[in-house]
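Asks: let me see the structure of the following:
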Amino acid sequence: MSDSHSSCARARGIGASRFCFSLKIKMEMTSRNGYAFVYANKHPKLQIMNLHNMINGLDACPKTTVAAINGQALGGGGEVALACHYRVAVDNAQIGFPEVLLGLLPGGQGTQRLPRVAPFDVALQMVMTGQNLNMMKANKAGIVDKVEPKGRSAGLYNWF
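Replies: Numbers count the residues shown, from 1 in each chain. As a prediction, the model looks like this:
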């Protein structure tokens with residue numbers, strides 16, 4: 001982000017089907033005294049701090065930031081995308097917060113950022129139910145600025 005010759009910074013995924021994920025949830029449930037517990041992997045606090053550092057870095061970037069969403073932007077990946085000024089995506093991508101299906105709230109500022117770009121009822125539905133949106137619906141709701149067909153995903157990188 002310190003390149004003085006570029007006018008923007010791009011956040012993109014590596015690979016064909018994923019933009020970015022956050023915590024890897026280990027589906028190990030135990031029960032004690034009638035309460036169920038879900039355990040995250042070894043260092044969830046460290047991962048959340050790294051997610052916050054990345055998001056705060058995007059916020060502090062003096063250049064325009066663009067998320068080129070080439071696949072699933074779920075959990076922290078959706079929050080990283082929401083931290084960018086603009087979001088462009090391929091049409092088969094999804095955005096959402098599946099961690100709420102486990103009783104966890106989005107931990108990377110998604111609950112604050114999503115209602116800033118989407119209608120409140122859409123944001124509330126996503127955060128309360130864990131519903132993922134395809135990019136056509138996300139575009140209609142204002143979460144994504146432009147959608148490209150999957151075969152033209154190179155257009156994601158030429159858009160800005």
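Asks: C-alpha only now, for contacts and for neighbours.
Replies: Will do.
Asks: can you give me the strands for the chain?
Replies: Assigned by DSSP state E, the chain shows strands spanning 8-12, 18-20, 25-32, 35-40, 64-69, 72-74, 86-90, 94-96, 133-134, 146-148.
Asks: avg pLDDT for stretch 81-97?
Replies: Mean pLDDT, stretch 81-97: 91.
Asks: my error: substitute stretch 144-152 in the last question.
Replies: Per-residue scores along stretch 144-152 average to 83.
Asks: pull the residues that contact that stretch.
Replies: The contact list for stretch 144-152 (C-alpha atoms under 8 Å, 6 or more residues apart in numbering) reads 86-92, 135-136, 138-139, 155-156.
Asks: how about it: buried residues?
Replies: Using 16 or more other C-alpha atoms under 10 Å as the test for burial, stretch 144-152 gives 144-148, 150.
Asks: got the CA coordinates for it in PDB?
Replies: What follows is stretch 144-152 as a C-alpha-only set of coordinates in PDB (Å, rounded to 0.1, in the frame of the first residue of the first chain):
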ATOM      1  CA  VAL A 144     -21.400  -5.200  -4.100                       C
ATOM      2  CA  ASP A 145     -20.700  -2.400  -6.700                       C
ATOM      3  CA  LYS A 146     -20.200  -4.500  -9.800                       C
ATOM      4  CA  VAL A 147     -20.700  -8.100 -10.800                       C
ATOM      5  CA  GLU A 148     -18.900  -9.800 -13.700                       C
ATOM      6  CA  PRO A 149     -19.700 -13.200 -15.300                       C
ATOM      7  CA  LYS A 150     -17.400 -16.000 -14.000                       C
ATOM      8  CA  GLY A 151     -15.800 -16.400 -17.400                       C
ATOM      9  CA  ARG A 152     -14.800 -12.700 -17.400                       C
END
